[in-house]
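Enquirer: 3D model of this:
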Amino acid sequence: MTIKQSPADFLVEEILADGFAHEVRDRPGALALYRLAKEGLTTPDAVASVARRLGVRTADIAYAGLKDRHARTVQHITVRLAAPAPAALPLSAEGPGWQAEQLGWVGEPISAAAIRVNRFRIAVRGLTLEACRRMDEAARLLASAAKEDPTALAPGARGTGEPASLLVVNYYGDQRFGSARHGQGFLAAHLIRGEFEEALRLAIAVWARKDGRREKEFKRAAAEGWGNWPALAARLPRCPERRPVEHLAASPGDFRGAFAALPYAFQELAVHAYQSHLWNSTARRLVAERCGKPATAARDPFGEMLFPAASNVAAELIGLELPVLGCDSQLRDPWKAAAEAVLRDEGITTAMLRIPGLRRPHFGEVPRRLFAEATRFGLSAPEPEDTGQTGPARRDGAKRALRFVRVATFDLPRGSYATVVLRALGE
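Expert: Okay, here's the model as predicted:
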(Lines give C-alpha, C1' and ligand atoms only; values in the text may rest on other atoms or scores of the structure.)
Protein backbone atom coordinates (compact mmCIF):
# COMPACT_ATOMS: atom_id res chain seq x y z
CA MET A 1 0.00 0.00 0.00
CA THR A 2 1.03 3.56 -0.61
CA ILE A 3 -0.20 6.86 0.82
CA LYS A 4 1.02 10.38 0.09
CA GLN A 5 2.10 9.47 -3.45
CA SER A 6 1.26 13.12 -4.06
CA PRO A 7 -0.03 15.87 -1.73
CA ALA A 8 -3.46 15.55 -3.38
CA ASP A 9 -3.69 12.00 -1.96
CA PHE A 10 -3.73 13.27 1.63
CA LEU A 11 -6.18 16.04 2.50
CA VAL A 12 -6.78 17.29 6.03
CA GLU A 13 -8.94 20.19 7.20
CA GLU A 14 -9.50 21.63 10.66
CA ILE A 15 -13.15 21.92 11.69
CA LEU A 16 -13.68 24.68 14.24
CA ALA A 17 -15.42 23.95 17.52
CA ASP A 18 -18.91 25.44 17.70
CA GLY A 19 -18.03 27.66 20.67
CA PHE A 20 -15.09 29.25 18.88
CA ALA A 21 -16.91 29.56 15.55
CA HIS A 22 -19.78 31.41 17.25
CA GLU A 23 -17.33 34.01 18.59
CA VAL A 24 -16.17 35.08 15.11
CA ARG A 25 -17.33 38.64 14.36
CA ASP A 26 -17.47 40.80 11.21
CA ARG A 27 -16.39 43.94 13.07
CA PRO A 28 -12.65 44.45 13.60
CA GLY A 29 -11.36 43.19 16.93
CA ALA A 30 -8.12 42.19 18.57
CA LEU A 31 -7.17 39.46 16.11
CA ALA A 32 -8.03 38.53 12.54
CA LEU A 33 -8.96 34.92 11.85
CA TYR A 34 -7.72 33.41 8.59
CA ARG A 35 -8.30 30.09 6.86
CA LEU A 36 -4.87 28.95 5.64
CA ALA A 37 -4.55 26.36 2.86
CA LYS A 38 -1.07 25.07 2.15
CA GLU A 39 0.84 22.37 0.28
CA GLY A 40 4.51 21.37 0.40
CA LEU A 41 5.21 23.50 3.49
CA THR A 42 5.44 22.86 7.21
CA THR A 43 3.09 24.96 9.32
CA PRO A 44 5.94 27.10 10.77
CA ASP A 45 7.33 27.74 7.26
CA ALA A 46 3.91 28.71 5.94
CA VAL A 47 3.26 31.00 8.92
CA ALA A 48 6.63 32.71 8.46
CA SER A 49 5.74 33.38 4.82
CA VAL A 50 2.29 34.70 5.79
CA ALA A 51 3.89 37.03 8.36
CA ARG A 52 6.21 38.50 5.73
CA ARG A 53 3.32 38.97 3.31
CA LEU A 54 1.10 40.67 5.93
CA GLY A 55 3.90 42.74 7.43
CA VAL A 56 3.57 41.36 10.95
CA ARG A 57 5.89 39.46 13.27
CA THR A 58 5.79 35.67 13.21
CA ALA A 59 5.19 35.85 16.97
CA ASP A 60 1.92 37.71 16.25
CA ILE A 61 0.46 34.69 14.42
CA ALA A 62 -1.03 31.80 16.38
CA TYR A 63 -2.14 28.39 15.09
CA ALA A 64 -3.84 25.40 16.69
CA GLY A 65 -1.55 22.61 15.53
CA LEU A 66 1.08 21.42 13.10
CA LYS A 67 0.00 20.08 9.72
CA ASP A 68 1.90 17.69 7.45
CA ARG A 69 4.24 19.12 4.85
CA HIS A 70 3.54 16.26 2.43
CA ALA A 71 -0.20 16.89 2.20
CA ARG A 72 -2.82 19.43 1.24
CA THR A 73 -3.95 20.96 4.50
CA VAL A 74 -6.41 23.57 5.68
CA GLN A 75 -6.00 25.13 9.11
CA HIS A 76 -6.77 28.35 10.94
CA ILE A 77 -4.52 31.12 12.17
CA THR A 78 -5.07 34.32 14.10
CA VAL A 79 -3.09 37.49 13.38
CA ARG A 80 -2.61 40.15 16.04
CA LEU A 81 -2.17 43.84 15.19
CA ALA A 82 -0.84 46.54 17.49
CA ALA A 83 -4.26 48.20 17.15
CA PRO A 84 -7.42 47.21 15.26
CA ALA A 85 -6.86 48.36 11.69
CA PRO A 86 -8.96 46.41 9.16
CA ALA A 87 -7.42 48.19 6.20
CA ALA A 88 -3.97 47.01 7.27
CA LEU A 89 -4.85 43.35 6.72
CA PRO A 90 -6.09 42.07 3.35
CA LEU A 91 -9.17 39.91 3.01
CA SER A 92 -7.02 37.38 1.17
CA ALA A 93 -3.35 36.79 0.54
CA GLU A 94 -1.17 34.15 -1.05
CA GLY A 95 2.40 33.09 -1.54
CA PRO A 96 4.36 30.09 -2.81
CA GLY A 97 2.49 27.02 -1.58
CA TRP A 98 -0.20 28.81 0.46
CA GLN A 99 -3.38 30.88 0.31
CA ALA A 100 -5.10 32.68 3.19
CA GLU A 101 -8.69 33.95 3.43
CA GLN A 102 -9.91 36.21 6.22
CA LEU A 103 -12.98 34.81 8.02
CA GLY A 104 -13.54 37.55 10.59
CA TRP A 105 -12.28 38.78 13.95
CA VAL A 106 -11.91 37.11 17.34
CA GLY A 107 -10.90 38.19 20.82
CA GLU A 108 -8.31 35.50 21.70
CA PRO A 109 -5.50 33.75 19.82
CA ILE A 110 -6.52 30.40 18.38
CA SER A 111 -5.43 27.29 20.29
CA ALA A 112 -5.96 23.54 20.10
CA ALA A 113 -9.17 23.91 22.10
CA ALA A 114 -10.70 25.80 19.16
CA ILE A 115 -10.58 22.71 16.92
CA ARG A 116 -13.42 20.19 17.14
CA VAL A 117 -11.98 17.58 14.76
CA ASN A 118 -9.61 17.17 11.85
CA ARG A 119 -11.33 15.94 8.67
CA PHE A 120 -9.37 13.59 6.40
CA ARG A 121 -9.67 12.34 2.84
CA ILE A 122 -6.87 9.88 2.03
CA ALA A 123 -6.22 7.90 -1.16
CA VAL A 124 -4.65 4.52 -0.46
CA ARG A 125 -2.90 3.10 -3.53
CA GLY A 126 -1.23 -0.10 -4.63
CA LEU A 127 -3.85 -2.39 -3.10
CA THR A 128 -4.40 -5.99 -4.14
CA LEU A 129 -7.88 -7.47 -4.08
CA GLU A 130 -6.86 -9.45 -1.01
CA ALA A 131 -5.70 -6.24 0.73
CA CYS A 132 -9.07 -4.66 -0.11
CA ARG A 133 -10.86 -7.62 1.43
CA ARG A 134 -8.76 -7.31 4.59
CA MET A 135 -9.54 -3.59 4.83
CA ASP A 136 -13.28 -4.29 4.65
CA GLU A 137 -13.01 -6.99 7.31
CA ALA A 138 -10.93 -4.73 9.58
CA ALA A 139 -13.44 -1.90 9.17
CA ARG A 140 -16.26 -4.27 10.09
CA LEU A 141 -14.48 -5.44 13.26
CA LEU A 142 -13.44 -1.94 14.32
CA ALA A 143 -16.90 -0.42 13.76
CA SER A 144 -18.16 0.78 17.13
CA ALA A 145 -21.77 0.23 16.04
CA ALA A 146 -22.10 -3.29 14.62
CA LYS A 147 -23.51 -3.53 11.08
CA GLU A 148 -24.90 -6.68 9.57
CA ASP A 149 -23.71 -5.66 6.12
CA PRO A 150 -19.96 -4.88 6.20
CA THR A 151 -20.17 -3.31 2.72
CA ALA A 152 -22.19 -0.49 4.28
CA LEU A 153 -18.79 0.84 5.29
CA ALA A 154 -17.83 1.16 1.63
CA PRO A 155 -19.92 3.85 -0.11
CA GLY A 156 -20.40 3.00 -3.76
CA ALA A 157 -19.73 -0.72 -3.28
CA ARG A 158 -23.03 -2.08 -1.94
CA GLY A 159 -25.10 -1.32 1.08
CA THR A 160 -26.24 2.07 2.36
CA GLY A 161 -22.92 3.90 2.55
CA GLU A 162 -24.03 5.30 5.93
CA PRO A 163 -21.03 6.79 7.78
CA ALA A 164 -19.78 4.62 10.61
CA SER A 165 -17.48 5.16 13.58
CA LEU A 166 -14.33 3.10 14.01
CA LEU A 167 -12.85 2.54 17.47
CA VAL A 168 -9.04 2.48 17.34
CA VAL A 169 -6.32 2.52 19.98
CA ASN A 170 -5.14 6.12 20.13
CA TYR A 171 -1.46 5.38 19.44
CA TYR A 172 0.95 8.16 18.61
CA GLY A 173 1.92 7.94 14.94
CA ASP A 174 5.51 7.62 13.83
CA GLN A 175 5.53 11.35 12.96
CA ARG A 176 5.84 11.86 16.71
CA PHE A 177 9.18 10.04 16.77
CA GLY A 178 11.16 12.15 14.32
CA SER A 179 14.02 12.64 16.79
CA ALA A 180 14.45 8.82 16.93
CA ARG A 181 14.15 8.04 13.24
CA HIS A 182 17.91 7.41 12.99
CA GLY A 183 17.18 3.93 14.36
CA GLN A 184 19.55 4.26 17.33
CA GLY A 185 16.99 4.87 20.04
CA PHE A 186 15.45 7.76 21.94
CA LEU A 187 17.93 10.40 22.95
CA ALA A 188 15.77 11.35 25.97
CA ALA A 189 16.49 7.86 27.36
CA HIS A 190 20.13 8.98 27.57
CA LEU A 191 19.23 12.41 28.94
CA ILE A 192 17.51 11.03 32.02
CA ARG A 193 20.64 9.01 32.80
CA GLY A 194 22.86 12.06 32.44
CA GLU A 195 24.47 10.72 29.23
CA PHE A 196 24.57 14.12 27.58
CA GLU A 197 27.31 13.43 25.04
CA GLU A 198 25.44 10.47 23.57
CA ALA A 199 22.18 12.45 23.55
CA LEU A 200 23.90 15.30 21.72
CA ARG A 201 25.53 12.92 19.24
CA LEU A 202 22.13 11.43 18.38
CA ALA A 203 20.72 14.93 17.98
CA ILE A 204 23.30 16.46 15.64
CA ALA A 205 25.66 13.75 14.34
CA VAL A 206 23.46 10.80 13.31
CA TRP A 207 21.39 11.11 10.17
CA ALA A 208 18.31 9.25 9.00
CA ARG A 209 17.03 8.30 5.57
CA LYS A 210 14.23 10.86 5.70
CA ASP A 211 16.52 13.76 6.61
CA GLY A 212 16.89 16.47 3.98
CA ARG A 213 20.12 16.92 2.04
CA ARG A 214 21.34 19.90 4.09
CA GLU A 215 20.50 18.14 7.35
CA LYS A 216 22.44 15.05 6.28
CA GLU A 217 25.44 17.14 5.24
CA PHE A 218 25.45 18.93 8.59
CA LYS A 219 25.24 15.68 10.56
CA ARG A 220 27.95 13.96 8.51
CA ALA A 221 30.29 16.89 9.11
CA ALA A 222 29.49 16.82 12.84
CA ALA A 223 30.21 13.07 12.99
CA GLU A 224 33.51 13.42 11.15
CA GLY A 225 34.73 16.32 13.28
CA TRP A 226 33.36 15.10 16.63
CA GLY A 227 35.69 16.10 19.45
CA ASN A 228 37.63 18.77 17.54
CA TRP A 229 35.20 21.49 18.51
CA PRO A 230 37.01 24.67 17.33
CA ALA A 231 37.66 23.21 13.87
CA LEU A 232 34.13 21.81 13.67
CA ALA A 233 32.56 25.13 14.68
CA ALA A 234 34.49 26.83 11.89
CA ARG A 235 33.38 24.20 9.37
CA LEU A 236 29.67 24.02 10.10
CA PRO A 237 27.23 26.48 8.51
CA ARG A 238 25.66 29.17 10.69
CA CYS A 239 22.43 27.78 12.10
CA PRO A 240 20.86 27.14 15.53
CA GLU A 241 22.12 23.53 15.52
CA ARG A 242 25.72 24.80 15.48
CA ARG A 243 25.37 26.44 18.90
CA PRO A 244 26.21 23.28 20.90
CA VAL A 245 29.49 22.96 18.97
CA GLU A 246 30.33 26.61 19.64
CA HIS A 247 29.58 26.01 23.32
CA LEU A 248 31.95 23.01 23.42
CA ALA A 249 34.66 24.99 21.61
CA ALA A 250 34.48 27.52 24.46
CA SER A 251 33.77 25.01 27.27
CA PRO A 252 35.19 21.57 26.34
CA GLY A 253 33.49 18.69 28.10
CA ASP A 254 30.33 20.57 29.11
CA PHE A 255 27.90 18.38 27.17
CA ARG A 256 25.00 19.30 29.45
CA GLY A 257 25.42 22.96 28.53
CA ALA A 258 25.92 22.00 24.90
CA PHE A 259 22.64 20.09 24.80
CA ALA A 260 20.88 23.01 26.48
CA ALA A 261 22.17 25.21 23.64
CA LEU A 262 20.06 23.30 21.10
CA PRO A 263 16.84 25.00 19.96
CA TYR A 264 14.40 24.55 22.80
CA ALA A 265 11.65 23.30 20.48
CA PHE A 266 13.90 20.38 19.51
CA GLN A 267 14.63 19.59 23.16
CA GLU A 268 10.90 19.46 23.90
CA LEU A 269 10.21 17.24 20.89
CA ALA A 270 12.91 14.81 22.05
CA VAL A 271 11.30 14.54 25.50
CA HIS A 272 7.80 14.19 24.04
CA ALA A 273 9.01 11.46 21.66
CA TYR A 274 10.22 9.30 24.54
CA GLN A 275 7.07 9.93 26.56
CA SER A 276 4.99 8.96 23.51
CA HIS A 277 7.01 5.76 23.16
CA LEU A 278 6.24 4.88 26.79
CA TRP A 279 2.54 5.63 26.21
CA ASN A 280 2.33 3.46 23.08
CA SER A 281 4.09 0.59 24.85
CA THR A 282 1.73 0.81 27.85
CA ALA A 283 -1.36 1.00 25.63
CA ARG A 284 -0.19 -2.02 23.63
CA ARG A 285 0.27 -4.10 26.79
CA LEU A 286 -3.03 -2.99 28.26
CA VAL A 287 -5.15 -3.88 25.21
CA ALA A 288 -3.28 -7.19 24.84
CA GLU A 289 -4.13 -8.05 28.46
CA ARG A 290 -7.71 -6.80 28.50
CA CYS A 291 -9.10 -7.12 24.95
CA GLY A 292 -8.15 -10.60 23.77
CA LYS A 293 -6.84 -11.49 20.34
CA PRO A 294 -6.43 -8.35 18.21
CA ALA A 295 -8.61 -7.81 15.15
CA THR A 296 -5.60 -6.35 13.34
CA ALA A 297 -1.93 -5.80 14.10
CA ALA A 298 0.56 -3.54 12.34
CA ARG A 299 4.32 -3.68 12.49
CA ASP A 300 5.99 -0.36 13.15
CA PRO A 301 9.65 0.67 13.62
CA PHE A 302 8.67 2.02 17.05
CA GLY A 303 6.67 -0.97 18.27
CA GLU A 304 3.82 -3.18 17.06
CA MET A 305 0.33 -1.69 17.05
CA LEU A 306 -2.48 -3.97 18.24
CA PHE A 307 -6.11 -3.07 17.47
CA PRO A 308 -8.90 -5.03 19.21
CA ALA A 309 -12.34 -5.58 17.75
CA ALA A 310 -14.76 -2.94 19.04
CA SER A 311 -16.98 -5.67 20.49
CA ASN A 312 -14.10 -6.84 22.71
CA VAL A 313 -13.46 -3.44 24.32
CA ALA A 314 -15.01 -3.00 27.76
CA ALA A 315 -16.90 0.24 28.36
CA GLU A 316 -14.45 1.25 31.11
CA LEU A 317 -11.60 1.17 28.57
CA ILE A 318 -13.41 3.11 25.84
CA GLY A 319 -13.57 6.20 28.04
CA LEU A 320 -10.30 5.59 29.88
CA GLU A 321 -7.65 8.30 30.02
CA LEU A 322 -4.22 6.69 29.99
CA PRO A 323 -1.83 9.50 30.94
CA VAL A 324 1.43 10.26 29.22
CA LEU A 325 3.83 9.44 32.04
CA GLY A 326 5.72 12.22 33.79
CA CYS A 327 8.09 12.46 36.73
CA ASP A 328 5.23 12.90 39.23
CA SER A 329 2.86 10.28 37.78
CA GLN A 330 1.12 7.93 40.17
CA LEU A 331 0.41 4.54 38.59
CA ARG A 332 -3.24 3.53 38.89
CA ASP A 333 -5.46 0.63 37.91
CA PRO A 334 -6.49 -0.56 35.38
CA TRP A 335 -3.27 0.40 33.59
CA LYS A 336 -0.85 0.15 36.52
CA ALA A 337 0.48 -3.34 35.76
CA ALA A 338 1.03 -2.51 32.07
CA ALA A 339 2.92 0.68 32.92
CA GLU A 340 5.05 -1.10 35.52
CA ALA A 341 6.04 -3.72 32.95
CA VAL A 342 7.01 -1.07 30.40
CA LEU A 343 9.08 0.90 32.91
CA ARG A 344 10.76 -2.31 34.04
CA ASP A 345 11.68 -3.15 30.43
CA GLU A 346 13.13 0.35 30.02
CA GLY A 347 15.06 0.03 33.29
CA ILE A 348 13.57 3.23 34.72
CA THR A 349 11.02 4.56 37.19
CA THR A 350 8.72 7.56 36.84
CA ALA A 351 10.94 9.42 39.32
CA MET A 352 13.77 9.16 36.77
CA LEU A 353 11.79 11.10 34.16
CA ARG A 354 13.73 14.31 34.61
CA ILE A 355 16.97 15.67 33.16
CA PRO A 356 19.74 15.95 35.79
CA GLY A 357 20.94 19.52 36.18
CA LEU A 358 18.37 21.04 33.79
CA ARG A 359 15.08 22.59 34.89
CA ARG A 360 13.56 22.12 31.45
CA PRO A 361 12.30 20.56 29.30
CA HIS A 362 10.01 18.98 31.86
CA PHE A 363 8.54 15.48 31.75
CA GLY A 364 5.00 16.50 32.61
CA GLU A 365 1.99 14.18 32.80
CA VAL A 366 -0.62 14.77 30.08
CA PRO A 367 -4.04 13.06 29.82
CA ARG A 368 -4.73 11.05 26.65
CA ARG A 369 -7.68 8.86 25.76
CA LEU A 370 -6.80 5.19 25.28
CA PHE A 371 -9.21 4.92 22.36
CA ALA A 372 -10.15 7.40 19.66
CA GLU A 373 -13.20 7.30 17.41
CA ALA A 374 -12.82 7.89 13.70
CA THR A 375 -16.30 9.27 13.04
CA ARG A 376 -18.07 9.81 9.69
CA PHE A 377 -15.96 6.94 8.38
CA GLY A 378 -16.32 5.91 4.75
CA LEU A 379 -14.30 3.69 2.44
CA SER A 380 -14.79 3.84 -1.31
CA ALA A 381 -15.12 0.82 -3.55
CA PRO A 382 -11.82 -0.36 -5.08
CA GLU A 383 -11.00 1.27 -8.41
CA PRO A 384 -8.31 -0.08 -10.76
CA GLU A 385 -5.20 2.04 -10.60
CA ASP A 386 -3.92 3.32 -13.94
CA THR A 387 -0.26 2.45 -13.49
CA GLY A 388 0.46 0.45 -16.62
CA GLN A 389 0.69 -2.74 -14.56
CA THR A 390 -1.50 -4.72 -16.93
CA GLY A 391 0.83 -4.28 -19.89
CA PRO A 392 3.01 -6.92 -21.55
CA ALA A 393 3.92 -10.02 -19.62
CA ARG A 394 7.29 -10.23 -17.95
CA ARG A 395 10.04 -12.42 -19.35
CA ASP A 396 8.93 -15.28 -17.12
CA GLY A 397 5.49 -15.10 -18.73
CA ALA A 398 3.69 -13.92 -15.58
CA LYS A 399 1.53 -10.82 -15.75
CA ARG A 400 1.81 -8.13 -13.14
CA ALA A 401 -0.99 -8.15 -10.62
CA LEU A 402 -3.66 -5.48 -10.97
CA ARG A 403 -3.56 -2.82 -8.24
CA PHE A 404 -6.42 -0.77 -6.85
CA VAL A 405 -6.96 2.58 -5.12
CA ARG A 406 -9.49 3.34 -2.38
CA VAL A 407 -10.38 6.57 -0.62
CA ALA A 408 -10.87 6.65 3.16
CA THR A 409 -12.73 9.58 4.72
CA PHE A 410 -13.15 10.23 8.45
CA ASP A 411 -12.99 12.77 11.27
CA LEU A 412 -10.57 12.46 14.19
CA PRO A 413 -10.24 14.35 17.49
CA ARG A 414 -7.29 16.71 17.65
CA GLY A 415 -4.12 14.94 18.72
CA SER A 416 -5.09 11.66 17.05
CA TYR A 417 -3.29 10.36 13.96
CA ALA A 418 -4.85 9.48 10.61
CA THR A 419 -1.93 7.19 9.83
CA VAL A 420 -2.87 5.12 12.89
CA VAL A 421 -6.39 4.61 11.49
CA LEU A 422 -4.83 3.38 8.26
CA ARG A 423 -2.57 1.02 10.25
CA ALA A 424 -5.69 -0.35 11.94
CA LEU A 425 -7.16 -1.02 8.49
CA GLY A 426 -4.03 -2.91 7.46
CA GLU A 427 -2.01 -0.14 5.75
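
Enquirer: Could you use CA atoms for every contact and neighbour count after this?
Expert: Fine.

Enquirer: quick one: the helices in the stretch 51-200 of the chain?
Expert: Counting by DSSP state H, counting those that start in this stretch, the stretch 51-200 of the chain has helices at residues 129-142, 187-191, 196-204.

Enquirer: Please work out which of the ones you listed is packed deepest.
Expert: helix 187-191 (a mean of 22; mean count of other C-alpha atoms under 10 Å).

Enquirer: Could you name the helices and strands sitting against it?
Expert: Packed against helix 187-191 by the contact rule (3 or more C-alpha pairs under 8 Å, 6 or more residues apart in numbering; DSSP states H and E) you find helix 196-204, helix 264-290.

Enquirer: Quick one, which of the ones you listed gets closest to residue 121.
Expert: Each of these has some distance to residue 121 by C-alpha to C-alpha; the shortest is helix 264-290, at 25.2 Å.

Enquirer: Just send the helices and strands packed on helix 187-191 back as CSV, with mean pLDDT and distance to residue 378 too.
Expert: Listed next are the helices and strands packed on helix 187-191 as CSV, based on pLDDT from 0 to 100; distance: least, C-alpha to C-alpha, whole Å:
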stretch, mean pLDDT, distance to residue 378
helix 196-204, 96, 40
helix 264-290, 96, 25
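
Enquirer: Could you export those helices to CSV, including columns for distance to residue 168?
Expert: Below are these laid out as CSV (distance: least, C-alpha to C-alpha, whole Å):
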stretch, distance to residue 168
helix 196-204, 32
helix 264-290, 11
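
Enquirer: what's the helix or strand for residue 41?
Expert: Counting by DSSP states H and E, no helix or strand carries residue 41.

Enquirer: so where is the stretch 1-150 of the chain shaky, pLDDT-wise?
Expert: Along the stretch 1-150 of the chain, segments meeting pLDDT under 70 span 1, 4, 83-87, 145-150.

Enquirer: Residue 258 belongs to a strand, doesn't it?
Expert: No - per DSSP: H, G, I helix; E, B strand; the rest coil, residue 258 lies outside any strand segment and is helix.

Enquirer: Please list all residues in contact with the closest residue in space to it that isn't next to it in sequence.
Expert: Spatial nearest neighbour of residue 258, chain neighbours left out: residue 244 (4.2 Å); criterion: C-alpha to C-alpha, 6 or more residues apart in numbering. By C-alpha atoms under 8 Å, 6 or more residues apart in numbering, the residues touching residue 244 are 257-262.

Enquirer: cool, residue 299 as well?
Expert: residue 305.

Enquirer: can you give me the helices in the stretch 301-427 of the chain?
Expert: With helices called from DSSP H, counting those that start in this stretch, the stretch 301-427 of the chain shows them at 315-318, 336-346, 418-424.

Enquirer: between the ones you listed, which one is nearest to residue 182?
Expert: helix 336-346 (19.0 Å).

Enquirer: Now do the closest one, average pLDDT.
Expert: On average, the pLDDT along helix 336-346 is 98.

Enquirer: Show me which positions of it end up buried.
Expert: 337-340, 342-343 (16 or more other C-alpha atoms under 10 Å).

Enquirer: and residue 14, what helix or strand is that in?
Expert: Assessed by DSSP H and E, residue 14 sits inside strand 10-16.

Enquirer: just checking, next helix/strand downstream of that strand?
Expert: Where DSSP H and E defines the elements, the next helix or strand beyond strand 10-16 is helix 18-21.

Enquirer: what angle separates the following helix or strand past that following helix from strand 10-16?
Expert: Remark: after helix 18-21, the chain's next helix or strand is strand 31-39, criterion DSSP H and E. Angle between the axes of strand 31-39 and strand 10-16 is 170 degrees (criterion: axes from the mean of the first three to the mean of the last three C-alpha atoms, to 10 degrees).

Enquirer: Give the partner strands of strand 31-39 in its sheet and their orientations.
Expert: strand 72-80 (antiparallel), strand 98-106 (antiparallel) (DSSP bridges).

Enquirer: What lies in contact with the last one?
Expert: In this case it means strand 98-106. 23-39, 46, 90-94.

Enquirer: 7 Å instead?
Expert: 23-39, 46, 91-94 (C-alpha atoms under 7 Å, 6 or more residues apart in numbering).

Enquirer: Taking those residues, please make a ChimeraX selection of just the buried ones.
Expert: In ChimeraX, selecting the buried portion of the contacts of strand 98-106, with burial taken from 16+ other C-alpha under 10 Å, looks like this:
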select :24,28,29,30,31,32,33,34,35,36,37,38,39,46,93,94
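
Enquirer: tell me the contacts of residue 12?
Expert: Contact analysis of residue 12 by C-alpha under 7 Å, 6+ apart lists 72-74, 118-121.

Enquirer: cutoff 10 Å now
Expert: Counting by C-alpha atoms under 10 Å, 6 or more residues apart in numbering, residue 12 touches 37, 67-68, 71-75, 118-122, 409-411, 418.

Enquirer: of those residues, buried ones?
Expert: Using 16+ other C-alpha under 10 Å as the burial test, the contacts of residue 12 include 37, 67-68, 71-75, 118-122, 409-411, 418 as buried.

Enquirer: returning to that earlier point: return the distance of the residue nearest to residue 258 relative to residue 52.
Expert: 29 Å (C-alpha to C-alpha, to the nearest Å).

Enquirer: now residue 70
Expert: Counting by C-alpha to C-alpha - residue 70 and residue 52 are separated by 23 Å.

Enquirer: Fine by me, we can end here.
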